[in-house]
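Participant: Kindly generate the corresponding structure for this input.
(chains A and B)
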Amino acid sequence: MDRDRRALSVGGVATVAVPVAFLAAFFAWPLVAILERSLAGDGTVDLPHDVLTRRSTLEVAWFTLWQAVVSTALTLVAALPLAWALARFSFRGRSLVEALVLVPFVLPTVVVATAFLALLPDGVERTVWAILLAHVFFNVAIVVRIVGAFWAGLDPSLDDAAATLGASPYRRHRLVTAPLLAPAVAAAASIVFLFCFTSFGVIVVLGGIRYATLEVEIYNQAARLFDLRAAAALALLQLAAVAATVLVSGRLERRLGGARTRRGPAPRPTGRDRVRVGLAVGCSLALLALPPLALVVRSFRVADGYGLDHYASLLDETPALLVVPWHAILNSLLFAGAATAIALMVGVLAAVAVARGRRGLDALLMLPLGASAAMLGFGFLLAFDDPPLDLRSSVLIVPIAQALVAIPFVVRSLVPALRAVEARLGEAAAVLGASPWQVRREIDLPLLARPLAVAAGLAFAVALGEFGATVFIARADWPTVPVSIFRFLGRPGADNVGTAMALSVTLMILVTAVALASERSLVGRPPR
Amino acid sequence: MRVAAVTLVAVAAVAVAGCGGGEDAPTEVVLLTHDSFAISKEVKVAFEKESGLTLRVLQGGDANETLNRALLTAGDPQGDVIFGIDDSVLSRALLEEYSSDGLEDVDPEYAGADDHVTPIDHGEVCLNVDRSWFADRGIDPPGTLEDLTQPRYRGLLVVENPATSSPGLSFLLATVDRFGEDGWEAYWQALRANGVLAVDGWEEAYTQEFSGAAGSPGKRPIVVSYATSPAAEVIFASKPLATATTAAVEDGCYRQVEYAGILRGAANEDGARALIDFMLSERFQAAVPGSMFVYPVRAGVALPEAFVEHAIIPENPLQLPADDIDENRDRWVARWTEIVVR
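Facilitator: Residues are numbered from 1 along each chain as shown, chains lettered A, B, ... in the order given. So this is what the prediction gives:
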């Protein structure tokens, strides 16, 4: 009863209305604009069913599906041991490892592909293996962060109780931990699946020209061949697949319910766990660190040995950009900061609504992840062409587009924890006579600090590394770092490649620093 | 409370009056162009001083993607001037007519079909070879397109996908022009039999597969790039180079002339004319090689030294009429995909 009353309050309405309005203005409207332009004939809708039944469409759809399933499975296998180690134990360098995990996530695909091509043995490049490996590399962060944040909040006393009752570690894991963890795993897996399903850069660069996902094919049809009808058909197919995924994963998460939460420091690993933690962290870091390391080495390589020349050139004028390269760093920070603020504002409200049972909102907010960036970009050009919303060439459009991609991460990071908070502690405190505000301040906020830090860090990282939409809408006098890297890599000459590498390393350092700082400021120093 | 509301309204009214201002003269001109467009700060500032306008540049993918973006927003364009298009019927339909005085100084061989388009620069897509790779092995680098099908050049060539890359398309067009409708398919079948590698874009081909690019992990010594790429290797070398490490092959080069035009419905048509005039001026034309690695169309403009020494301007480049390309491109590219990729 208490819950019903809350849902009807002004605040309750805002938690739904704000995210829905944001989505309607910046997602639904442009999408409808481009679909209308593509499919509306003289007063009729021209249904492109012939495109959908083409043999080439079916082949592309099948490849898109199976590579996404396999990539997601491999990512879970690679990420869960690390998530376990980071969630259950405290050890020296833990927060650094947590921050480093985010690095692959923000690197532009062009840069990672360059590093991968340099590292992969001959014969692996331009195969499906290169694609799968890169997808794992990119997405480990999502699983570690989302599952890790939830895992850290699980009450270990259940596990301990089972151990006391004589359950083997395997039985404990299967019967106690796994069911409790499942909602977070489902939440993370569905995001990874969507990312792989709509993969673009990795497929184009590492897969070569033999492989195409729906997203790649939509881009080809829309931006290159200007066959908007075919592009719209494929975009609708992709959106339908994404919506189905979101619904299924939502159902899965719901069935699996909430979990108990724990407060207090994690223990240091002891005995056999020391070895396990060491193995989990060591193996993951080896996979995650190798490509970035290759970039670091290349950023220092100059004609006769190693030096700082490429970093110095960040301060010089260049024909590749309209601004001095270090301005791009400022732009990136500014845009990503604004995008994070927007994403947190919209995302926190949405997460509260979702945690209170408005599950449809969660599904809605996931949809932008599955919309084709090319079609959405075209939609922006059509929809925002009149004042007061002539955003087509405004700098504002960049953080808005980045926020659209970042919001699902905020929601997904917060919902499992919010649900646990809502379900247990709030009720207990209310029974004990605490006012709703007291409950928020004394109980919810401290418990939510960590997931909030995770959400902010993820949102910032997503915004910082966003390339597909940004390159489409960014003004040439306001380039971001990924866009600048792309511009430098597009020009011949060792110095241009070197500057691109220096910018990539700068991007990695930025995201690591911001992830560390956001965690420290919200959570305080980790207990020793 | 009421006082606050009145004040708010008053402030808002002043603000609206202050920035609304009715039909002020436009203060900026917007250039819609492709990703390869570049302009130095000095040249940009020179234009802004001369015209009293701020120049804003919007980049929208490669040349083809930029044109499609303009087609999508036809009549209500994102910018005033579009640069980097060809002179096909399709592009001309987007544009207002304009005949700049600067055209008098332009070499007539670059002129467009009519007054809708203004030529600005020309680039040449040419085979590039890694000189030291061939020197080390005592093999002569290929001299003609036909050479590439010979067994001694087996597995050495990397090209770009014409469906996704502008130099890739140019090279395909070069082969169509050279071998004709009846012969180009057989030529590509021979190239495939001889181990040609096709990748998605110029970046992958040149910086990752071509052995001659500085810092490249590539192993193939022949690539489809530009006539000016060897000069770029010299200019952007980490340490001064006495001779170029790569060379462009004179035979089989394909010429792309890049045009500019005033978009129909431009917000600032006067500014658009001023910008096109400026793009034909000595100042802009002289800066074209250094910033975009293409050649000026204006006669008598001196080239930078590195270009004189290391880049070539092919005598008789291959070239197809823009309307032929428009009509047949999709068919040629689809056929190429069947031959080379499947």
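Participant: mind listing the helices for the stretch 251-400 of chain A?
Facilitator: A:272-300, A:309-312, A:325-355, A:359-370, A:373-383, A:397-420 (DSSP state H, counting those that start in this stretch).
Participant: Determine which stretch of those is the most buried.
Facilitator: Ranked by mean neighbour count, the helices of the stretch 251-400 of chain A are led by helix A:397-420 with a mean of 26 (mean count of other CB atoms under 10 Å in any protein chain shown). Every C-beta, even on glycine, is put in place using the N, C-alpha and C of the backbone.
Participant: could you give the mean pLDDT of that helix?
Facilitator: Averaging pLDDT along helix A:397-420 gives 86.
Participant: Helix A:359-370 and that one, what's the angle between them?
Facilitator: Taking axes from the mean of the first three to the mean of the last three CA atoms, to 10 degrees, one finds helix A:397-420 and helix A:359-370 inclined to each other by 140 degrees.
Participant: near chain B at all, helix A:397-420?
Facilitator: No: using CB under 8 Å from any CB of the partner chain, helix A:397-420 never reaches chain B; the gap is at least 11.7 Å.
Participant: what packs against that helix?
Facilitator: Helix A:397-420 sits against helix A:128-153, helix A:178-197, helix A:325-355, helix A:359-370, helix A:373-383, helix A:445-465, helix A:468-473, with contacts defined as 3 or more CB pairs under 8 Å, 6 or more residues apart in numbering or on different chains; DSSP states H and E.
Participant: Could you export that helix as PDB, CA atoms only?
Facilitator: C-alpha atoms of helix A:397-420 as PDB (Å, rounded to 0.1, in the frame of the first residue of the first chain):
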ATOM      1  CA  ILE A 397      23.600  17.900 -29.900                       C
ATOM      2  CA  VAL A 398      26.800  16.000 -29.100                       C
ATOM      3  CA  PRO A 399      26.300  15.500 -25.300                       C
ATOM      4  CA  ILE A 400      22.600  14.800 -25.900                       C
ATOM      5  CA  ALA A 401      23.500  12.000 -28.400                       C
ATOM      6  CA  GLN A 402      26.200  10.700 -26.000                       C
ATOM      7  CA  ALA A 403      23.700  10.700 -23.100                       C
ATOM      8  CA  LEU A 404      21.200   8.700 -25.100                       C
ATOM      9  CA  VAL A 405      23.800   5.900 -25.300                       C
ATOM     10  CA  ALA A 406      24.900   6.300 -21.700                       C
ATOM     11  CA  ILE A 407      21.500   6.300 -20.000                       C
ATOM     12  CA  PRO A 408      20.900   2.500 -20.200                       C
ATOM     13  CA  PHE A 409      24.200   2.000 -18.300                       C
ATOM     14  CA  VAL A 410      23.200   4.300 -15.500                       C
ATOM     15  CA  VAL A 411      19.800   2.600 -15.200                       C
ATOM     16  CA  ARG A 412      21.300  -0.900 -15.300                       C
ATOM     17  CA  SER A 413      24.000  -0.100 -12.800                       C
ATOM     18  CA  LEU A 414      21.500   1.300 -10.300                       C
ATOM     19  CA  VAL A 415      18.400  -0.800 -10.600                       C
ATOM     20  CA  PRO A 416      19.600  -4.000  -9.000                       C
ATOM     21  CA  ALA A 417      20.900  -2.100  -5.900                       C
ATOM     22  CA  LEU A 418      17.800   0.200  -5.800                       C
ATOM     23  CA  ARG A 419      15.500  -2.800  -5.900                       C
ATOM     24  CA  ALA A 420      17.300  -4.400  -3.000                       C
END
